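**Q** sequence plus the predicted model coming up.
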Amino acid sequence: MGQSPNPDWMNQWQDLSRNYLNAWQTMSRNPAPMPGAAAPWHEGFEQWSRLFTSGGGAQNETIDRVIDSAKGYAAFMQSLLGAAGGGTGMPPWNELLRSGFGIPGVDAATFEHPMLRALRDMQGQAGQGFGNGFAQAFGALNSLRAVPPMPSADFGDLKAWLSLPAFGLMREHQEHYQKTAVAWVEYQEQMGRYNALMLKASQRGFELFEGKLSEREQPGRQIESLRALYDLWVDAAEEGYAEIALSQDFREVYAALVNAQMRVRAQIQQEVERVAVDLGMPTRSEIDSIGERLQALRREVRQRGAETAGKGLAREVASLRSELAALKASIGKETRSAPERAAETKPRPQPKPKIEPRIESKAEPKAKVVAIEPTPARAAAKHGKPRKAKRKGSAKRAVAATSTFASRIAKFADASLGAGRPHALRKDKKKQAKADKAKKKR
Amino acid sequence: MGPIKIEPAKAFEEVLTTQRKLAAALQTLREVDDVDFGVTDKEAVYREDKLVVYRFKGERPPTAKVPILIVYALVNRPYMVDLQDDRSLVKNLLAQGEDVYLIDWGYPDRADRWLTLDDYINGYIARSVDAVADRAGVDKINLLGICQGGAFSLCFAAMHPEKVRNLITMVTPVDFHTPENMLSNWTRQLDVDLFVDTLGNVPADLMNLCYLMLKPVRLNQQKYIGLVDILDDKAEMENFLRMEKWIFDSPDQAGEAFRQFIKDFYQGNKLVKGGLEIGGHEVHLGNITMPVLNVFAEQDHLVPPSASRVLGEHVGTEDYTQIAFRGGHIGIYVSGRAQREVPSAIHDWLAQRSR
């Protein structure tokens, strides 16, 4: 049915519902709690997974995420109903909650903890099958993956064993494998520390959940649906998690976990590179090296382009400097008395006073400006006429934009300086060649 | 009286109803076609490598003389600002008469592994700004930086104040060491050299899962359970899918730029502490003397408001305005209230400075 392009899911749903109803009635007759794994609720979502995951379509990824979430929610509802025992009267919810009947997240050891699960997903997705990649790359060390969680002291013993010196022809390879295995063990060690913090977050979440529940005891504020209870639990779980995730402990443990995973990845990459070299294939290091050189080359080309433009810019520097002088002259005019300003033929927009000191402090072009030969623009400025604006309306903005000229001048000066150097060098070389020629003749 | 008043029969009914609704939601999802986003007509005006600068076309020509260039973050796709017809910052700005351009960074690949912050800020952004200014026939343009793009815009404005007429930052981190900043806490002791040397470019999936882990239960589970509430509303379902697409449509991060961003911003907090150098240029926020509008979200879980609101203490301008928006990091673009409040606030602020 799941393979059908148009599954008759509603009929299947009705069948499932009938099964649930039967299960509920059976449970009502039997006061014993419903066993977790065999409960029909969870099975219902499993069946949905089979119904909906193989149909294709544009939203497959979203459907997968919805199904995953639905399973978690089903587990939540199942644990509540299971703990309630299936009777017809009002169950003792408060006692059940306080005795920790296994809401997901309340006890990470017994239930599917969403945070642990997210972390595992991160390993699987973002790590791009990190664990599997490791297994494929290091088949001989696969048995390590099956090592059950152990106390940190045992990790120490294992690491000591893996640090034994290697001998013989393949010594370097063996050392590499041992180092990789140590990195893997350290990663597991850090994962254990991380999981312990997640458990702490979970416990803190439950404490907060209890607090939130106690605020709901007044009539009218009571929780009357599973969904409302779930939402309240999510609020508490997130708050508990945030407390831990913002802690100094978490900062250290999280960084240690990520760093440990990176060390394992680096070890695997080295091994893959070695194999690639043996097979005569290009390696990632080689490709990266080419990329780095290419990027450096692109920067150099741009720089050279800017320098070439700088030769032309040197001329523009001169004209800009004269423009600056003209602007300074106009600022001088504006600082004159009001009657003097009123005598101006045309009112001009005034700069904000606070900008002026900045102009003075940043530009400092005085010495350079006086050294410049007069240009037509500068000569015009001398006669009180501002240089014609390069773009429409730029004269209006000219005063406020004085810092533009200052920084542009500095840039152009640098560029023209840089552009001059190779030229000067070429000149020196020519002179030297001429002298050498003359020497030879003699 | 206890806090829980759930009758078993009612609970059972609720379980069945929820399951039925979820099944129906899944069926609806199967039938919904792929969703579109980026609704406003636009033309490419500048291209370089994978970068494209777009100019958006409004229903009538812009009345603003100075264009706005939107600089989005590298970590997500920029179409969040033009997600759909009734949720579009771009469309609303155009309607107010603004002339809107946007940098689309594209999807970096291994060839972009060595791009540095200098390449991005003094290279790509600088040339995009020049291209927009040339096209508009002005010397300076308005820069609107969003999130990480806001941090880049601050750097750019500090290094090239002569090119920025007005600076607008939205949900932009400035102080990276405030206590509510979870991402900062997670990266402070990270060996970022080992991280980048090992991964090269930082995979988008890794970034996404990192963001999801900021609120793991809410973002990985509760959000999808909420689908039962919008099951019958096709438009709402499509809205949900658009957001879902956007969240998981992320580019990889160029390794060198990521390395420098984590070291200097998240770990060193140099934007406010000083000592930040990009491409040999010192970045000093005091050099930002143009008018600044800082918009941040009060319920932002990615960039806490405390990280943004300090901007006024560090910029050199005396014309500083800030707006605290009641919403989250994404809500500031897509919520109904955002559509009414944010674009008009930006437009009014700009209009006051164009007189």
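**A** Everything's here; your move. Small disclaimer: the values here were computed from a predicted structure and weren't measured.
**Q** any idea how far B:N208 is from chain A?
**A** 7 Å (Cβ to the nearest Cβ, to the nearest Å). (C-beta placed from N, C-alpha, C; glycine too.)
**Q** thinking that residue is in contact with B:F248, fair?
**A** Yes. Assessed by Cβ atoms under 8 Å, B:N208 is found in contact with B:F248 at 6.1 Å.
**Q** longest helix in chain A, please.
**A** Longest among the helix segments of chain A by residue count, using DSSP state H, is helix A:284-334.
**Q** report the rounded mean pLDDT for that helix.
**A** Helix A:284-334 comes out with an average pLDDT of 84.
**Q** wait, does that helix contact chain B?
**A** Yes. Helix A:284-334 is in contact with chain B by Cβ under 8 Å from any Cβ of the partner chain, via A:284, A:287-288, A:291-292, A:294-296, A:299, A:302.
**Q** returning to what we had before: the more surrounded of B:N208 and B:F248?
**A** B:N208 (19 against 14; other Cβ atoms under 10 Å in any protein chain shown).
**Q** what about the nearest residue to that one once chain neighbours are set aside, distance to chain A?
**A** In space, and not counting its chain neighbours, B:N208 is closest to B:S250: 5.5 Å by Cβ to Cβ, 6 or more residues apart in numbering or on different chains. Per Cβ to the nearest Cβ, B:S250 is found 11 Å from chain A.
**Q** residues touching B:S250, list them.
**A** Residues in contact with B:S250 (Cβ atoms under 8 Å, 6 or more residues apart in numbering or on different chains) are B:75-77, B:204-205, B:207-208.
**Q** can you tell me if the top helix by length along chain B touches chain A.
**A** When chain B is parsed with DSSP H, its longest helix is helix B:8-31. Yes. Using Cβ under 8 Å from any Cβ, helix B:8-31 reaches chain A at B:8-12, B:14-16, B:18-20, B:22-23, B:25-27, B:29-31.
**Q** quick one, which of those residues are buried?
**A** Among these, those classed as buried by neighbour count (16 or more other Cβ atoms under 10 Å in any protein chain shown) are B:8, B:11-12, B:14-16, B:18-20, B:22-23, B:25-27, B:29-30.
**Q** and what about B:R55, helix, strand or coil?
**A** strand (DSSP: H, G, I helix; E, B strand; the rest coil).
**Q** return the set of residues that bridge with it.
**A** With DSSP bridges as the criterion, B:R55 is bridged to B:E43, B:Y101.
**Q** ok, now how distant is it from B:A338?
**A** Distance, B:R55 to B:A338, by Cβ to Cβ, to the nearest Å: 23 Å.
**Q** enumerate every residue touching B:A254.
**A** With Cβ under 8 Å, 6+ apart, B:A254 has these contacts: B:74, B:108, B:112-115, B:120, B:201.
**Q** repeat for B:I278
**A** So B:I278 contacts B:117-118, B:121-122, B:155, B:159 (Cβ under 8 Å, 6+ apart).
**Q** want to throw those into a markdown table with distance to A:E271 and pLDDT?
**A** Shown next, in a markdown table, are those (distance: Cβ to Cβ, whole Å; pLDDT from 0 to 100):
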| residue | distance to A:E271 | pLDDT |
| --- | --- | --- |
| B:L117 | 33 | 98 |
| B:D118 | 34 | 97 |
| B:I121 | 38 | 98 |
| B:N122 | 39 | 96 |
| B:C155 | 40 | 98 |
| B:M159 | 44 | 97 |
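**Q** and those as a markdown table, adding neighbour count?
**A** Listed next are these as a markdown table, based on neighbours: other Cβ atoms under 10 Å in any protein chain shown:
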| residue | neighbour count |
| --- | --- |
| B:L117 | 25 |
| B:D118 | 18 |
| B:I121 | 25 |
| B:N122 | 19 |
| B:C155 | 27 |
| B:M159 | 22 |
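**Q** what's the closest of those residues to B:F258?
**A** B:L117 (9.5 Å; Cβ to Cβ).
**Q** can you report how many residues lie near residue 274?
**A** All of this is about chain A. 14.
**Q** not quite, I wanted chain B
**A** Neighbours around B:G274, by other Cβ under 10 Å: 14.
**Q** distance of the residue nearest to it when sequence neighbours are not counted relative to B:C155?
**A** Of all residues not flanking B:G274 in the chain, B:H284 sits nearest, at 7.1 Å (Cβ to Cβ, 6+ apart). Noted for B:H284: a distance of 10 Å to B:C155, by Cβ to Cβ.
**Q** same check on B:P3?
**A** 51 Å.
**Q** element containing B:R340?
**A** Applying DSSP states H and E as the criterion places B:R340 in helix B:336-352.
**Q** tell me which residues of that helix come out buried.
**A** Quick answer for helix B:336-352 (16+ other Cβ under 10 Å): B:338-339, B:341-343, B:345-347, B:349-350.
**Q** chain A: which of the residues you listed is nearest?
**A** B:L350 (15.7 Å; Cβ to the nearest Cβ).
**Q** check contacts around the closest one.
**A** So B:L350 contacts B:64, B:66, B:68, B:98, B:142, B:166, B:168 (Cβ under 8 Å, 6+ apart).
**Q** below-threshold pLDDT in the stretch 101-250 of chain B: ranges please.
**A** Of all residues in the stretch 101-250 of chain B, none has pLDDT under 70.
**Q** do the same with chain A
**A** Ranges of chain A meeting pLDDT under 70: A:1-60, A:78-156, A:310-312, A:333-436, A:438-442.
**Q** identify the residue nearest A:E207 in space, chain neighbours excluded?
**A** The nearest residue in space to A:E207 (Cβ to Cβ, 6+ apart) is A:G240, at 7.2 Å.
**Q** look up how far A:M191 lies from the one you found.
**A** A:G240 is 20 Å from A:M191, by Cβ to Cβ.
**Q** between these two, tell me which one has more neighbours.
**A** Under the neighbour definition other Cβ under 10 Å, A:G240 and A:M191 were set side by side, and A:G240 has more, 22 against 19.
**Q** look up which helix or strand the more buried one falls in, please.
**A** Here A:G240 is assigned to helix A:226-245, by DSSP H and E.
**Q** I figured B:K215 hits B:L302, correct?
**A** No. Using Cβ under 8 Å, B:K215 is not in contact with B:L302, being 10.1 Å away.
**Q** contact residues of the stretch 201-350 of chain B facing chain A?
**A** Going by Cβ under 8 Å from any Cβ, the residues of the stretch 201-350 of chain B near chain A are B:203, B:205-206, B:208-210, B:212-218, B:220-225, B:227, B:241, B:244, B:248, B:289, B:316, B:318.
**Q** buried ones in stretch B:324-336?
**A** B:325, B:327-335.
**Q** and which of these is nearest chain A?
**A** B:G328 (13.8 Å).
**Q** how near is the closest residue to that closest one other than its chain neighbours to chain A?
**A** Excluding the flanking residues, the one nearest B:G328 by Cβ to Cβ, 6+ apart is B:Q299, at 4.7 Å. B:Q299 is 13 Å from chain A, where distance means Cβ to the nearest Cβ.
**Q** how would you label B:Q299: helix, strand or coil?
**A** B:Q299 - assigned by three-state DSSP - is coil.
**Q** that one: what's it in contact with?
**A** B:326-328, B:331.
**Q** would you mind naming what in the stretch 51-200 of chain B lies close to chain A?
**A** Counting by Cβ under 8 Å from any Cβ, the stretch 51-200 of chain B sits next to chain A at B:110-111, B:113-115, B:119, B:123, B:137-140, B:160-163, B:179-180, B:182, B:185-191, B:194-195, B:197-200.
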